[in-house]
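Asks: I would like to see how this sequence folds:
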Amino acid sequence: MLKELLGKAKRVQTASVGHVEKDGLLVLDQKVAVEGDPIRQRQWRLRPTVPGKYSGTLSDAKGPVEVEVASQSVHIRYVMKDGIRVEQVLTPLPGGKALDNRSTFHKFGMRVATLTERIEKR
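Replies: Down below sits the predicted model:
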């Protein structure tokens, strides 16, 4: 669910397909459907930099994507093309086939939206 500062909650569905290339590059293609908006496609391209850290690009972002893997979570940070700063925290769930994602979106230092979703491997 996406909750914007001045709006009602909207359902979000994302379908992702990814692979790791021979050189270690992770490529993740996504279709993102936000209730009431057209479906958009985006692509993540992430490469390991040092143990537990990745850097790369997201087609929606205007700068680099930084990823840090901690013992109990994954932290992702980037800035969208419209200047919104995004921080995602992915927390693995028991069984290893699902994650909880909590994302916060900030503009001008103020939180403007939150996203809460469950990511499941199918």
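Asks: CA-only coordinates of the helix or strand containing L46 in PDB, if you can.
Replies: Assigned by DSSP states H and E, L46 falls within strand 40-50. In PDB, the C-alpha atoms belonging to strand 40-50 read as follows (Å, rounded to 0.1, in the frame of the first residue of the first chain):
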ATOM      1  CA  ARG A  40       5.300   1.800 -15.600                       C
ATOM      2  CA  GLN A  41       8.300  -0.200 -16.300                       C
ATOM      3  CA  ARG A  42      11.700   0.300 -14.700                       C
ATOM      4  CA  GLN A  43      15.000  -1.500 -14.500                       C
ATOM      5  CA  TRP A  44      17.600  -1.900 -11.700                       C
ATOM      6  CA  ARG A  45      21.200  -2.600 -12.500                       C
ATOM      7  CA  LEU A  46      23.300  -3.300  -9.400                       C
ATOM      8  CA  ARG A  47      26.900  -4.400  -9.000                       C
ATOM      9  CA  PRO A  48      28.700  -5.500  -5.800                       C
ATOM     10  CA  THR A  49      31.400  -3.000  -4.700                       C
ATOM     11  CA  VAL A  50      32.700  -4.400  -1.400                       C
END
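Asks: paired strands for it, with orientation please.
Replies: strand 26-34 (antiparallel), strand 53-58 (antiparallel) (DSSP bridges).
Asks: so what touches that strand?
Replies: 18, 23-32, 54-60, 65, 67 (CB atoms under 8 Å, 6 or more residues apart in numbering). Heads up, the C-betas are built off the backbone N, CA and C, glycines and all.
Asks: rerun at 10 Å
Replies: Contact with strand 40-50 is made by 14-16, 18, 20-21, 23-34, 54-61, 65-67, 69, 76, 78, as judged by CB atoms under 10 Å, 6 or more residues apart in numbering.
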